[in-house]
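*Asks:* Predicted model, plus sequence, below.
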Amino acid sequence: MSFESKYLIRWGIPGWVFIFWVFIGMVFINGYNPLKLNVTDTTEALTLIISFAAIGIPVGYIFHQLSFGLLWVFQLSTDSVKMIPNVGENYPKDNFKYEFDEKWLEKLFSWINKVIITKKHKSYFHLESVWHIMLMEQNEEVRTYLEGRYRHILGTIYGLGALTMSTFCSFFLSVYIISVLLVENSIIYFILVIIQFFIFIASAINYMYFSFNLRAFQAKMLQKYLPPIPANEQTTTEISPSSGS
């Protein structure tokens with residue numbers, strides 16, 4: 001699969017799911033029975049499907065960005081801190097100074113960076129750097145396997161995060177439709193809303209599962225492949241698992 005098709009599908013799925021549920025809601029709002037819809041104009045129907053498919057990609061990309069900001073940035077970096085003590089005594093201390101030359105305008109808004117990038121995030125940045133340095137020191141066979149496994153789990157997390165965000169938004173939109181906009185109560189639509197809810201729950205559970213799986217995988221592989229460091233160097237991390245941001 002090419003780069004373009006892989007990412008188009010990853011971004012498209014959450015967008016198509018959201019548009020599908022919006023379309024179903026509009027059908028019921030307008031009083032149509034989806035089981036009795038009869039599309040007589042094939043060209044019009046095909047054009048509508050193509051339009052929905054095209055719109056779903058940028059919509060899905062937006063959900064991807066929202067999920068990355070809300071789920072990855074504020075949740076996964078904390079998980080990495082919890083995994084670090086499991087790596088062992090070979091895990092190096094983060095001695096990098098997060099100080100850069102800034103222009104006056106950048107200094108003016110530097111407080112935003114201090115709010116967004118916490119010590120936990122810096123701990124995650126360090127974990128990623130240690131991970132990639134470890135990969136570069138392995139032979140081609142080991143490196144190829146570790147990179148492939150890491151890429152697969154990470155891609156799955158991104159996809160599930162966007163799908164979770166998509167189903168979350170579509171579910172609450174459907175609840176609004178059935179509570180406010182739907183004139184006549186529909187058993188069929190109520191059942192569909194319940195199905196939406198279970199899809200959202202399943203996506204969220206799978207997201208959390210693969211997120212933990214990735215951190216456990218990294219911790220175990222670092223424990224196995226990190227070389228010993230000199231005894232006179234400090235090997236403890238600056239953050240304990242129970243500390244705050």
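*Replies:* Looks like it arrived, so ask away.
*Asks:* Now do the helices in this structure.
*Replies:* 3-29, 42-67, 77-83, 104-108, 110-116, 119-136, 140-176, 187-225 (DSSP state H).
*Asks:* lowest-confidence stretch among the ones you listed?
*Replies:* Mean pLDDT is lowest for helix 104-108 out of these, coming in at a mean of 60.
*Asks:* of all the helices of the chain, which lies closest to residue 95?
*Replies:* Closest approach to residue 95 among the helices of the chain (CB to CB): helix 119-136, 9.3 Å. (C-beta placed from N, C-alpha, C; glycine too.)
*Asks:* now for that closest one, which elements pack on it?
*Replies:* Identification of packing neighbours for helix 119-136 by 3 or more CB pairs under 8 Å, 6 or more residues apart in numbering; DSSP states H and E yields helix 77-83, helix 140-176, helix 187-225.
*Asks:* Compare these and give me the one nearest residue 63.
*Replies:* Using CB to CB, the nearest of these to residue 63 is helix 140-176, at 4.6 Å.
*Asks:* Would you mind listing the buried residues in that closest one?
*Replies:* Judged by neighbour count using 16 or more other CB atoms under 10 Å, the buried positions of helix 140-176 are 146, 150, 153, 156-171, 173-174.
*Asks:* Stretch 84-95 too?
*Replies:* Buried, per 16+ other CB under 10 Å, within stretch 84-95: 84, 87, 90-92, 94.
*Asks:* among the helices and strands packed on helix 119-136, which is nearest residue 28?
*Replies:* Residue 28 sits nearest to helix 187-225 of all the helices and strands packed on helix 119-136, at 4.7 Å, using CB to CB.
*Asks:* Can you say which of the helices of the chain is nearest to residue 98?
*Replies:* Short answer: helix 119-136, nearest of those by CB to CB, at 6.2 Å.
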